[in-house]
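> Attaching a predicted model along with its sequence, questions to come.
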Amino acid sequence: MNPIMGSLKYFNLLMVLLNFLATKPIFTKSSSFTSKFLDLAKEPNVADWMVDIRRKIHENPELGYEEFETSELIRSELRKLGISYKHPVGVTGVIGFIGTGTSPFVAIRADMDALLMQELVEWEHKSKVPGKMHACGHDAHVAMLLGAAKILKAHEKDIPGTVVLVFQPAEEGGAGAKKILDTGVLDNVSAIFGLHIANKIPLGEVASRSGPFFAGSGFFEAIISGKGGHAAIPQHSIDPILAASNVIVSLQHIVSRESDPLDSQVVTVGKFHGGGAFNVIPDSVTIGGTFRAFSKESFMQLRQRIEQIIIGQAAVQRCNATVSFLEEEKPFFPPTVNNGDLHGYFQSVAGSVLGINKVKGSQQLMGSEDFAFYQEVIPGYFFLLGMENASVERLESPHSPYFKVNEDALPYGAALHASLAANYILKLHQEVPVVEGKYNDEL
Ligand SMILES: [Zn+2]
Ligand SMILES: [Zn+2]
């Protein structure tokens, strides 16, 4: 054996030891009952059951705040499992409870809504509702949370607290999370976990990061008004098309000239409606777009500058402008910010469920996720669950009409949900002895 091989051997030994330490859960009391969760989730009575539920929901997609049949299906499965729940919470939402019914309370969340788009995947369980499709995998999210519920219910006696199942409406722009929070049903929850399936992450892996993860997102719309007239006599008109064009160019200078290049932000104008004839200057033009940032401060700065620039630049061209941020129809989504303490906890638990080499870091993502509303008031953690099996097929991105779910991912999601909730309750139970009467045990 040469010296390099020798030192490699010790290096490998060290790595094995480090891996062992890294995967060792940070909670001390034995939580061995959760170590079987992935095997349990892969058993046909859980895995096939989740697949059936997911396909049923997939065939009957419902939009935000219209998830009536999805909600009924969830409630009927919870009843069959003997799990108590509150309904309706936030129109169609269902909140289930497993455990003692007393603190500590730890929540796991799934979204239920579909998208307004036509499915183009031809398969046995294709959407039966024309123009509506589960193209973001929320059907799978519901199935995984029910899978976790089934596993946790079977271990209810081992849980010294309460797992709160959150089936929320309207993630796709409707801020269903905010609606759930506004009811107060999660007021005593100590932590909340959520996931999203990801087409570009291998099956059996997860990815996440500490701190800002998904961007905060808002929308704007502006009407820029001038004075219409004959295109050949521009001196008698005030041209809103030229004004809107200048507005759009100026809006692009916010991110390029005013923002910190190390603080990622986006301003995109995605809508420009004005005029209808070749030889007419129209009265007005409507533009609209979205803006994104990873901190509330940057987000509010963008909002303020978008309004100032639209009004100011329109005035340069003698036009009037009104700006709306559509807060009623399309509420702002805050940035999705993962709690730093929960990051270490997540890595430890996910590492013990999947193997530490399957727990990956992630870049920040410019998409947004209404899980952020929970994180504003409850320590929360969101992660991506891989479902790609490159040897079988490449999966399309969410919101594609060709989006498909690799149903082999369902047991991983169920086991992670169940393990994250149960172990966190054990951890809290050990850290904070519950003093009778000192805490509000009611949820
Ligand atoms: Zn989506
Ligand atoms: Zn989604």
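Sure, I can see it. Ligands and ions are numbered 1, 2, ... in the order given.

> tally of neighbours for the nearest residue to Glu66 once chain neighbours are set aside?
The shortest distance from Glu66 to any residue other than its chain neighbours is 7.3 Å, reached at Thr92 (Cβ to Cβ, 6 or more residues apart in numbering). Where C-beta positions appear, they are placed from N, C-alpha and C, glycine not excepted. Thr92: 26 surrounding residues under other Cβ atoms under 10 Å.

> next one: Thr322
Neighbour tally, Thr322, other Cβ under 10 Å: 14.

> My guess is it contacts Phe220. True?
No: with contacts counted by Cβ atoms under 8 Å, Thr322 stays clear of Phe220, the gap being 11.0 Å.

> Now do the nearest residue to Pro234 once chain neighbours are set aside, the pLDDT please.
Leaving aside its sequence neighbours, Pro234 sits nearest to Ile281 (Cβ to Cβ, 6+ apart; 6.7 Å). Per-residue confidence (pLDDT) for Ile281: 98.

> Repeat that for Leu17.
Looking at Leu17, the pLDDT reads 46.

> In contact with the residue nearest to Glu66, which residues?
Under the criterion of Cβ atoms under 8 Å, 6 or more residues apart in numbering, the neighbours of Thr92 are 65-68, 70-71, 112, 169.

> okay, which residue is most central for this structure?
The centre of the chain sits closest to Glu369, judged by Cα atoms, centre = their mean, with a distance of 3.7 Å.

> picking that back up, number of nearby residues for the residue nearest to Pro234?
23.

> Pro234 too?
12.

> Now do it against Pro282, distance only.
13 Å (Cβ to Cβ, to the nearest Å).

> so who does Met133 touch?
Contacts of Met133 by Cβ under 8 Å, 6+ apart are 61, 114-115, 117-119, 127, 401, 403.

> ok, 6 Å please
Residues near Met133 by Cβ atoms under 6 Å, 6 or more residues apart in numbering: 61, 114-115, 117, 119, 127.

> quick one: the helices in the stretch 151-300 of the chain?
For the stretch 151-300 of the chain, the helices defined by DSSP state H, counting those that start in this stretch occupy 176-182, 240-253, 296-316.

> How about the stretch 1-150 of the chain?
3-23, 37-42, 44-59, 68-81, 138-154.

> Give me whichever of those is most buried.
Of all the helices of the stretch 1-150 of the chain, helix 138-154 carries the top mean neighbour count, a mean of 26, counting by mean count of other Cβ atoms under 10 Å.

> Buried residues of stretch 298-315, list them for me.
Buried residues in stretch 298-315, defined by neighbour count with 16 or more other Cβ atoms under 10 Å: 298-299, 301-303, 305-307, 309-311, 313-314.

> Show me the contact partners of that stretch.
216, 220, 222, 224, 243, 246-247, 250-251, 254, 263, 265, 291, 293, 321, 323.

> what about it, distance to the chain center?
Mean-position distance between stretch 298-315 and its chain equals 28 Å (Cα atoms, centre = their mean, to the nearest Å).

> then that stretch to PDB, C-alphas only?
Extracted in PDB, the C-alpha atoms of stretch 298-315 (Å, rounded to 0.1, in the frame of the first residue of the first chain):
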ATOM      1  CA  SER A 298     -36.400  45.300  -2.000                       C
ATOM      2  CA  PHE A 299     -39.900  44.300  -2.900                       C
ATOM      3  CA  MET A 300     -41.500  47.500  -1.500                       C
ATOM      4  CA  GLN A 301     -38.800  49.600  -3.100                       C
ATOM      5  CA  LEU A 302     -39.600  48.000  -6.500                       C
ATOM      6  CA  ARG A 303     -43.300  48.700  -5.900                       C
ATOM      7  CA  GLN A 304     -42.700  52.300  -5.100                       C
ATOM      8  CA  ARG A 305     -40.400  52.900  -8.100                       C
ATOM      9  CA  ILE A 306     -42.700  51.200 -10.600                       C
ATOM     10  CA  GLU A 307     -45.500  53.500  -9.600                       C
ATOM     11  CA  GLN A 308     -43.300  56.700  -9.700                       C
ATOM     12  CA  ILE A 309     -41.800  55.800 -13.100                       C
ATOM     13  CA  ILE A 310     -45.100  54.900 -14.800                       C
ATOM     14  CA  ILE A 311     -46.700  58.200 -13.700                       C
ATOM     15  CA  GLY A 312     -43.600  60.300 -14.200                       C
ATOM     16  CA  GLN A 313     -42.500  59.000 -17.600                       C
ATOM     17  CA  ALA A 314     -46.100  59.100 -18.900                       C
ATOM     18  CA  ALA A 315     -46.200  62.800 -17.900                       C
END
